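>>> Got a predicted structure plus its sequence, pasted below:
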Amino acid sequence: MKSRCKKEFPGGRLVLLAPPDAFVPRRFENVLRDGQRHGELLAALQRLRGELYLNEGAIRADQLSSDGRHRMAGDERAWHVVALDQHGQVAGCSRYLAHPNTVAFHRLAVRHAALAGSRRWGGLFRDAVAEDVERARRRGVSFVEVGGWALAPKLRRSREGLRIALATYGLARALGGCIGITTATRRHCSSEILRRIGGQALRTNRVNLPPYHDPQYGCEMEVLRFDSLQPSPQFESWVNDLCSYWLTAPVIRTEAARQSFSLQLHRLAAAVQPEWAFEDNLALAVQ
Ligand SMILES: CC(C)(COP(=O)(O)OP(=O)(O)OC[C@H]1O[C@@H](n2cnc3c(N)ncnc32)[C@H](O)[C@@H]1OP(=O)(O)O)[C@@H](O)C(=O)NCCC(=O)NCCS
């Protein structure tokens, strides 16, 4: 049982890394094009994840790059919430990988979860995910895989971990809303904490998908779903504050790249949709 004695809340700075090809809505006022800084922060958060996951046996040393990074597929296409300590060093992170709301299961990272390979649960898992993708489509929001949540040990038990998780909710709102999914470990009470802020068991056909053992990470895990409109009521105002925070916080992105025609179309669609969704979300959030 964890002791509930808290360290003083450090309240360091949160910054956002935007994917190179992302449409960044105009409401984000502080967008910086700095490819070098983007690369440094991405490398630093990958090293942080690498160190933490290796220390607790969730990954092997040979899964790290030669400079100690834990590079997850999709990192380059994801948004990253980055917590800096008082020295400007990366001390925490989470990642937000947005998909089109028509995405097929075989294109999602969760397809690698052990649950997907279960003879008993695999089919229900795919059905439950497909239902959420369809919910996202009907609402006109993205379907998002969240994950990579990590905090340096020196900042544990300080509410900083909670702040990073809630900032990810806030980001979802600032980007126009989402239905999200994550595979959460039961280590460090991570999945319990995520349930407490609004994570729910994945459900289909009136059946909740159960926790499962994932040999890849050597731990018990749960698949949780999130709805950006429905964090736990007790965290609603904190999520709203963090949504507002992102509108003026530093958003660091790489220099503009040449875009393919299909990418331009995708960005155009994203540009139209979330503006409405953002307003709808805010209207709902303040009710
Ligand atoms: C997961 C992680 C970010 C959590 O950060 P942390 O500092 O250890 O979290 P805390 O223990 O301070 O808990 C955060 C909040 O959840 C609450 N909490 C902790 N255990 C809980 C439980 N079992 N049930 C409900 N709430 C719980 C805490 O009380 C705290 O809320 P409070 O500030 O209102 O008291 C951190 O442990 C970490 O980086 N672990 C390694 C990587 C990892 O496992 N990532 C998760 C991948 S899913």
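Everything's here; your move.

>>> just the strands in the chain please.
13-17, 31-33, 79-84, 90-99, 142-151, 178-185, 200-201, 203-204, 207-208, 212-214, 219-227, 251-253 (DSSP state E).

>>> Give me every residue in the stretch 151-287 of the chain lying close to the ligand.
151, 156-157, 159, 161-162, 184-185, 187-190, 192-193, 196 (Cβ under 6 Å from any ligand atom). Heads up, the C-betas are built off the backbone N, CA and C, glycines and all.

>>> Make TSV out of the strands of the chain and add mean neighbour count.
TSV is the format used below for the strands of the chain (neighbours: other Cβ atoms under 10 Å):
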stretch	mean neighbour count
strand 13-17	21
strand 31-33	13
strand 79-84	24
strand 90-99	24
strand 142-151	24
strand 178-185	25
strand 200-201	14
strand 203-204	16
strand 207-208	13
strand 212-214	16
strand 219-227	20
strand 251-253	23
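
>>> want to try a markdown table for those, with mean pLDDT as columns?
Below are those laid out as a markdown table (pLDDT from 0 to 100):
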| stretch | mean pLDDT |
| --- | --- |
| strand 13-17 | 97 |
| strand 31-33 | 96 |
| strand 79-84 | 98 |
| strand 90-99 | 98 |
| strand 142-151 | 97 |
| strand 178-185 | 98 |
| strand 200-201 | 96 |
| strand 203-204 | 96 |
| strand 207-208 | 95 |
| strand 212-214 | 96 |
| strand 219-227 | 97 |
| strand 251-253 | 97 |
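
>>> Could you check how far the residue in the chain positioned nearest to the ligand is from Gly180?
Proximity of the chain to the ligand (Cβ to the nearest ligand atom) peaks at Gly161, 2.6 Å away. Distance, Gly161 to Gly180, by Cβ to Cβ, to the nearest Å: 18 Å.

>>> Check Ala201 too.
Between Ala201 and Gly180 the distance, using Cβ to Cβ, works out to 14 Å.

>>> Need the overlap of contacts for these two.
Counting by Cβ atoms under 8 Å, 6 or more residues apart in numbering, the residues touching both Ala201 and Gly180 are Arg225.

>>> Just confirm yes or no for stretch 55-72 near the ligand.
No: using Cβ under 6 Å from any ligand atom, stretch 55-72 stays clear of the ligand, coming no nearer than 6.6 Å.

>>> Could I get the buried residue list for that stretch?
For stretch 55-72, the neighbour count (16 or more other Cβ atoms under 10 Å) marks Ala58, Ile59, Leu64, Arg69, His70 as buried.

>>> Also stretch 17-35?
Using 16+ other Cβ under 10 Å, the residues of stretch 17-35 that count as buried are Leu17, Ala18, Pro19, Asp21, Ala22, Phe23, Val24, Pro25, Phe28.

>>> what's the distance between it and the middle of its chain?
On the basis of Cα atoms, centre = their mean, to the nearest Å, stretch 17-35 is displaced by 17 Å from the centre of the chain it belongs to.

>>> Likewise for stretch 131-140?
Centre to centre, stretch against its chain (Cα atoms, centre = their mean), the figure for stretch 131-140 is 18 Å.

>>> try stretch 175-193
Relative to the centre of its chain, stretch 175-193 is centred 8 Å away, using Cα atoms, centre = their mean.
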